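Peer 1: heads up, no residue letters with this:
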């Protein structure tokens, strides 16, 4: 083929092909839109007002409550004497306790609380009004979740903005906002079980505010309505969120170690298989008993307080336990910073000079152990019977509070510690001021620093573990501090 | 018809018009043939372009022996032009009679400044480097073929004088960090955009959004790079332009520069072919190991073999090139076997005298294992062994002092775990490019290019109960903890380019080259995950597992725009460049209109001035060129980051809704404006050459995904609120002290400086883009500091070694080097033997080493001097102090690395077997010599991109494999 004819042939072949291709493209210009790009995600305008939007948003708020609660619980447990972060992930400073406003966890807890509040507010103000099938009970639950956001804020922080980029308000005012939501929730609620949650939440908020009369009123109301009340946080073992505390209590590494005198209560949230997460008791009748007992002790009514503690003990003893394969919990022997006692032969002293006692440490390597999964305590009826003074009553009460609420994120507040407003907030929110008092954490002066709360001397030969401090004793000694024991 | 669809019409009509106009018309023609060799040494030069000035579309290329054959040369007098990367252009008059074949042997003189190179990338058409005011680097086929590199970024590592390229891990196919002219974004990766034959290809050099994570919190370590599977065989040349004025014509897409790969399409004049084998082995760089026994436990001398071959040829109307390669490597890491193969073909056809079609297709696939590294937790061999973590699993962590029995027990444990670790990455990509060129008159060249790139990757992690039990994560008897994670990413990119270039003159002295064009690309990136937990051991599918879950995400973006550029030169002495690009992008917010990017450049060829020439001869001052340019280039935001969305999560079997992305209607591209000055100097007939450059760039509207006030409870949202500056010197020099037949020595070097700074964040609080918790170390973005500087606790010691103070949130160092560059030498002995070496270096950067910190924390013997003894006593325990002294874990990561040493010998043709026409034997060593200031390998850098396409600045040494030292023997036969 000559060059000439080849070229002609090429044109004869190529040109018609290109012509057909081009014609196809011209004709089908609507089918060929290279610049047409569709976002596969749903925008807010596509969502608001659609069927089922209210129910989906309520579930989203429940899910956000879990995410927020996970943040609050883990960090509050570390900052207290309950748990020590024996590995290098998670926060490394809260154990000291060092709580700085630059700490990313301070920021993330605060953000998680604000998100729960704003998700609930958006649901109440924007989603629900456009969904005709939303019920009063749905609205009550949404108010309850918003109330818990302010409850967490009021219990855990010195102060926080109550709205996005808003003015920083005191913890007392935050609890006031929580009380307003819980009250409205109870007013409009149609579900009696849910109403009990709101009642107990009110008791809890009033307790932290030191409003003894209202706290007692709500606590008594709860016990009258349901003396064994329990509301769990239920996780989603398949898609998450998982129980964050369960993860750090039960994995072979990265786990939190309880103070040896609390060892027998751990793990409160056992592994139950790959797709199953243990729930956390978020609200339980035990709290009402403890509020009532503390009120009685603050009134110097030791005998009624003992009777109340007896009822409490009875309730605790009625709560379920679970047989758990805990062999994987090596108590720091899988690369932890410290090795913890792991044999029941270990005798524990609550502080130097205190007697050595049995029964606090469990042998995990020899088959299953039994742990309480709602509430547990080392306090016995005999110990309650032996209470003769207000302070001893308070000591036993706070020991029970610690043991019953273990791994539920309550101890930091009981120790009077509060987190500061985050540095990021100060920088990004014109209403927050750097250097203000709320940029400093509240850590009562009686709290031992340098890991004192988590400290203990372990002698693996003599099988003894002596705690450095008995924080419940310190709490009672400092009961007049405004940071702790709200009724004193 | 919608406005957008007019694009389609325009783009489809043009090739039709071209084809219709491509009518052949015959004249009397002849043939020019001959041989191209290097002046001085006489070495044959392959792939030199040979054409006549009145038919620039018809280009012959010399073969391995330097032979060329140019067909269809119009009868009559004209100028023959011969060009090759790295050599001066040669133009000589020639008169061809119809039907005649004339022979012309041509010698080309080396020209290290490469000013005669004709480049296209970023220019809108072909243009000589002499007329360009910005830097363009060209790497020719000879340098590519001589390199033992296995991937494009490794190939370019010591060949782009102004770029810093680091392989961050020794695992095959993993990501690199590529930086040119600093860091222009804290949101987007600094990897340049990559084009292959005019088609934009996947350049993902980070983890995918839904992708395998074997590195823990910072998932970037050992993520898979799309650059690793770009085939590098059969490449004619690679052009690179840095971001700024050079990339203005790429608009919103190229603030980090453009790499363009041009593949071969064959040469006319009979069928030629080659076969090549590469065999050798990879060995670990044991000098960085803390324990001697680490090498024995997880490393080996891994055999590597690669074979490639190809044929090309054609006649006066059609040329073609077909090649293939296959590679298999055991790797230096035990159980690290990886393999790849690829095919590529290119074809060029003349459609008459005015039109030409060029098309290429390539296919490539690879398979490589991954090993858990960095912060993965759990079983991670390097963390276990080198960082002392093995004590947590019941071993004495002082490996070198273990008894034989204990060592045997550890070895069995580690090698069992390594064997049971089943993580693999498979990639498959193909690219096709089609260009139709039509020159209606010699002064007007037009072309249209269409192409597609598709890359599919599958990452899969099979974790068995047996592995979990063996690594002591779960007790013996566990049967329900096995899991499988599969991640698939399917990327498809379409590119359309339309261009026209007119070359004209006004009078005799003023030459004007004007280009106009339009460009559109669209990327579709779809990712899915399908995962299973509670998987029975042995199962490799998710079907039938206790539970299966899935997830997906898609990114789609289209960018489309037009450009115009004119290059006006008076006597090729004074040149003015003006250019403008305007484009739109679907990732912009709805309030953001078309973006325009201007550029202006000036070139003053001082050495062409008669007054200078009358005083200084070309023998002394061969070239002196001054240039200055200003230009703006952009970088478009993450697709869909502009939309406000609602997020949905499955929750206890039902939908749950919450706030998604806050959205930003004003989202627009980051804009990097660069002002650069330079001088190119050639002395003594280019015996010594210098390139002097200085640039200063400022990125405005930088995309910041900074956290809002926590009281908003909202996630971060991209906003155009940042400002980042980069400036630096770019110096390069070459020196050829000896150049005579039989002996030629060339030395070259490059020296660059960089000052990078975040100028403005509009009050956004400092935020981390890399690293871990604030209690350890984080790579920060903060006004007044370099991007990604290392921040953490800084302990102050007194003379006795006691800690007097611990300052929080302190500057500890920065991962970007102040000074970096490369140098090399090439020695030609005789016509056949060439010895060469290439090296690169950096100074003034720092890294933090978790390897050292953990080794100390875990009480490995020999780490007592890591922290002053008094300070440890003061704090009581190592665990109490290690995070207080983060400054002790940061070291300077200055290094000088000899990247390759190669001996290349061209066998005497008389000794070759019958069919062979030429043969080469080469031996090369990669990473033979390393000098480092740090106690670890500064190139093993957990690259730290926070997510897909995120900025990767590095700065962390953490349980990561070093690149191997490789010894490769290459045999190449041409026939």
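Peer 2: Ah, there it is. Predicted model, so just to flag it, every value in this text is computed and none were measured.

Peer 1: drop to CA atoms for contacts and neighbour counts, all remaining ones
Peer 2: Noted.

Peer 1: Up against chain B, what does the stretch 201-350 of chain A have?
Peer 2: Proximity of the stretch 201-350 of chain A to chain B is confined to A:235-236, A:238-240, A:251-253, A:273-275, A:327-328, A:333-337 under the rule C-alpha under 8 Å from any C-alpha of the partner chain.

Peer 1: who in the stretch 651-800 of chain B is up against chain A?
Peer 2: When proximity is defined by C-alpha under 8 Å from any C-alpha, the stretch 651-800 of chain B lies next to chain A at B:651-652, B:654-659, B:707-714, B:763-765, B:773-775.

Peer 1: Give me the buried subset of those.
Peer 2: In terms of neighbour count (16 or more other C-alpha atoms under 10 Å in any protein chain shown), the buried residues within these are B:651-652, B:655-659, B:707-714, B:764-765, B:773-775.

Peer 1: Sort out for me which of the residues you listed are in strands.
Peer 2: Helix and strand membership here follows DSSP state E; of these, those in strands are B:651, B:655, B:656, B:657, B:658, B:659.

Peer 1: quick revisit: so how do I select the buried members of the residues of the stretch 201-350 of chain A next to chain B in PyMOL?
Peer 2: Restricted to the buried members of those, where burial is judged by 16+ other C-alpha under 10 Å, the PyMOL selection command reads as follows:
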select buried, chain A and resi 235+236+238+239+240+251+252+253+274+275+327+328+333+334+335+336+337
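
Peer 1: one step back: can the ones in strands among the buried ones among the residues of the stretch 651-800 of chain B next to chain A go into JSON lines with extra columns for pLDDT?
Peer 2: Converted to JSON lines, these look like this (pLDDT from 0 to 100):
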{"residue": "B:651", "pLDDT": "91"}
{"residue": "B:655", "pLDDT": "92"}
{"residue": "B:656", "pLDDT": "95"}
{"residue": "B:657", "pLDDT": "95"}
{"residue": "B:658", "pLDDT": "94"}
{"residue": "B:659", "pLDDT": "93"}
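
Peer 1: Point out where the chain drops to low pLDDT.
Peer 2: Going with chain A. Counting by pLDDT under 70, chain A contains low-confidence residues at A:1-32, A:88, A:252-254, A:335.

Peer 1: nope, chain B please
Peer 2: By pLDDT under 70, the low-scoring segments of chain B are B:1-27, B:217-220, B:943.

Peer 1: Give the helix, strand or coil label for the residue nearest to the spatial centre of it.
Peer 2: Nearest to the geometric centre of chain B sits residue B:153, at 3.8 Å (C-alpha atoms, centre = their mean). At residue B:153 the chain is in helix, as set by DSSP: H, G, I helix; E, B strand; the rest coil.

Peer 1: Residue A:95 too?
Peer 2: Following three-state DSSP, we place residue A:95 in the coil state.

Peer 1: With adjacent residues omitted, what lies nearest to it?
Peer 2: The shortest distance from residue A:95 to any non-neighbouring residue, by C-alpha to C-alpha, 6 or more residues apart in numbering or on different chains, is to residue A:79 (5.0 Å).

Peer 1: what's the answer for residue B:293, then?
Peer 2: Nearest one to residue B:293, counting by C-alpha to C-alpha, 6+ apart, is residue B:400 at 6.1 Å.

Peer 1: Hmm, residue B:362 is touching residue B:325, no?
Peer 2: No - applying C-alpha atoms under 8 Å, one finds residue B:362 not in contact with residue B:325, separated by 11.3 Å.

Peer 1: Spit out the residues that contact the two alike.
Peer 2: Each of B:342, B:343 lies in contact with both residue B:362 and residue B:325 under the rule C-alpha atoms under 8 Å, 6 or more residues apart in numbering or on different chains.

Peer 1: Tell me which helix or strand the residue in the stretch 151-300 of chain A positioned nearest to chain B sits in.
Peer 2: When distances are taken as C-alpha to the nearest C-alpha, the stretch 151-300 of chain A reaches nearest to chain B at residue A:164, 4.2 Å away. In this assignment (DSSP states H and E), residue A:164 forms part of neither any helix nor any strand.

Peer 1: Perfect, that will be all.
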